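A.B. asks: give me a 3D structure for the following:
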Amino acid sequence: MGKKKNKKFKQSYHSTDSNSGAMAQPTSITMNNSSTASSTEKITPTESAKPDLETELTAKYAYVRKDVLKLGIVIASLAIIFTGIYIIGQKTTVLANVGDWIYKIGNFQI
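C.D. replies: Residues are numbered from 1 along each chain as shown. The predicted structure is shown next:
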């Protein structure tokens, strides 16, 4: 991560952190129920505003899922290609003939 991006991240992180304080204490909020005015519910902001950990991590690391998917596709493709080459090499002499042809054309000295 470059210095500019890191600096922007630190500034945005500290600016949101300074607004909430070091240890934010949950305060209870009293809300009136729309159907009956006499009943009230106490809801703490940390319980209602706190997102699910899985959805938070999914949103934060979405790029990792894309990279892992690409890597899986590349590995699967290579496995299919190498398996095909192995089977062709066992069943026919095409690969051996191509290898001999490349050796003659290249004038390799071994």
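
A.B. asks: CA atoms for contacts and neighbours, from now on please.
C.D. replies: Will do.

A.B. asks: list the contacts of residue 69.
C.D. replies: Residues counted as contacts of residue 69 (CA atoms under 8 Å, 6 or more residues apart in numbering): none.

A.B. asks: gap between it and residue 78?
C.D. replies: Using CA to CA, to the nearest Å, one gets 14 Å for the distance from residue 69 to residue 78.

A.B. asks: list the buried residues for the lengthiest helix in the chain?
C.D. replies: For the chain, the helix that runs over the most residues, judged by DSSP state H, is helix 62-91. Counting neighbours by 16 or more other CA atoms under 10 Å, one finds that helix 62-91 has no buried residues.

A.B. asks: what about the helices in the protein?
C.D. replies: Residue ranges of the helices in the chain, as given by DSSP H, are 3-20, 45-49, 53-60, 62-91, 94-106.

A.B. asks: tell me the mean pLDDT for the first one?
C.D. replies: This means helix 3-20. For helix 3-20, the mean per-residue pLDDT is 54.

A.B. asks: pull the number of nearby residues for residue 108.
C.D. replies: 8 (other CA atoms under 10 Å).

A.B. asks: for residue 95, same thing?
C.D. replies: Close neighbours of residue 95, defined as other CA under 10 Å, add up to 14.
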